[in-house]
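J.: 3D, please:
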Amino acid sequence: MKITTIPLINLFISFLPVVLVLIVFVNWKLNWKGLVYASARMLVQLLMIGYFLTFIFKQNNPIWTVLIVIVMLCISAWISLYSVRHMRKNKIKDALLSLLVGALPVLCLVTIVVIPHSPWYEPSFLIPLAGMVFSNAMNTIGIAAERFENEIEQKDLVSAKRTALGACLIPQINSFFAVGLVSLPGMMTGQILSGISPLIAVRYQIVVMTMVMGAGGLSAAFFLSRSAKLSKLAH
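T.: Model prediction:
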């Protein structure tokens with residue numbers, strides 16, 4: 001099966017549902033400017049990364065690949081604290097350590113043991129997997145940080161930590177329940193559209209989902225443990 005190239009005009013037509021959401025935002029007096037900004041930024045960032053990755057894939061150099069992974073790791077740590085921006089400077093070290101302890105080992109396990117690939121540093125192999133691992137770990141840390149700060153105002157540290165961890169993993173747990181019954185995840189859909197057997201695509205999707213759950217859960221657990229410890233010392 002041949003992948004159809006999406007014409008630019010069709011690409012812009014795909015924004016029609018977003019425009020409808022924007023109309024709702026305007027009518028409901030929500031932050032429509034934020035939605036416009038986010039949409040424009042998404043478009044520009046993806047177009048830029050498309051050209052950038054095309055260049056990187058041609059290099060096939062381990063130095064370039066490792067540098068990109070490091071940059072992705074640092075950016076993920078910074079963005080993960082968006083929900084607690086007032087504490088970002090104090091928490092950035094904990095967020096980075098959490099990704100190093102929780103997400104990076106999972107990425108190494110998958111790329112070295114589960115899906116061995118030669119060479120391991122091939123950008124088209126390592127960078128997409130790193131993106132999935134770091135972005136999901138980033139999201140769980142962000143939810144965990146925000147929930148923990150709210151919970152410690154009403155509960156003890158142990159209860160706040162438990163509640164925050166459970167809350168930040170709700171999306172991953174729900175996706176475990178829904179996959180195959182309600183949803184076909186993006187990676188699996190893309191592989192099937194490209195002509196890969198559904199049975200092979202399923203194996204890859206299982207790896208992705210366990211990878212995401214492991215990286216997110218471990219990163220958030222480490223971050224919350226650090227936060228609870230520091231909060232206890234502060235008091």
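
J.: which residues does residue 39 contact?
T.: Applying C-beta atoms under 8 Å, 6 or more residues apart in numbering to residue 39 gives the contacts 15, 18. Glycine gets a C-beta too; all of them are placed from N, C-alpha and C.

J.: What residues sit buried inside the worst-scoring helix or strand of the chain on mean pLDDT?
T.: Every helix and strand of the chain was ranked by mean pLDDT, DSSP states H and E. The lowest is helix 186-193, at a mean of 73. Buried residues in helix 186-193, counting neighbours by 16 or more other C-beta atoms under 10 Å, are found at 187, 188, 191, 192.

J.: residues contacting the closest residue in space to the third one that isn't next to it in sequence?
T.: In this structure, residue 191 finds its nearest non-sequential neighbour in residue 201, 4.0 Å apart by C-beta to C-beta, 6 or more residues apart in numbering. The contact partners of residue 201, by C-beta under 8 Å, 6+ apart, come to 187, 188, 191, 192.

J.: can you count the residues close to the closest residue to residue 83 other than its chain neighbours?
T.: Excluding the flanking residues, the one nearest residue 83 by C-beta to C-beta, 6+ apart is residue 146, at 3.7 Å. By other C-beta atoms under 10 Å, the residues close to residue 146 number 17.

J.: Look at residue 146 and report its pLDDT.
T.: With respect to pLDDT, residue 146 scores 93.

J.: Please tell me how far it sits from residue 106.
T.: Using C-beta to C-beta, to the nearest Å, we find residue 146 at a distance of 23 Å from residue 106.

J.: rewinding a little: need the per-residue pLDDT for the residue nearest to residue 191.
T.: With respect to pLDDT, residue 201 has a value of 83.

J.: As TSV, the contacts of residue 201 with distance to residue 80 would be great.
T.: As requested, the contacts of residue 201 are exported to TSV (distance: C-beta to C-beta, whole Å):
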residue	distance to residue 80
187	22
188	26
191	28
192	31
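
J.: thinking again about what came up before, centre of the chain versus the helix or strand encompassing the residue nearest to residue 83, how much separation?
T.: With secondary structure defined by DSSP states H and E, residue 146 is part of helix 123-151. Mean C-alpha position of helix 123-151 versus that of the full chain (C-alpha atoms, centre = their mean, to the nearest Å) differs by 4 Å.
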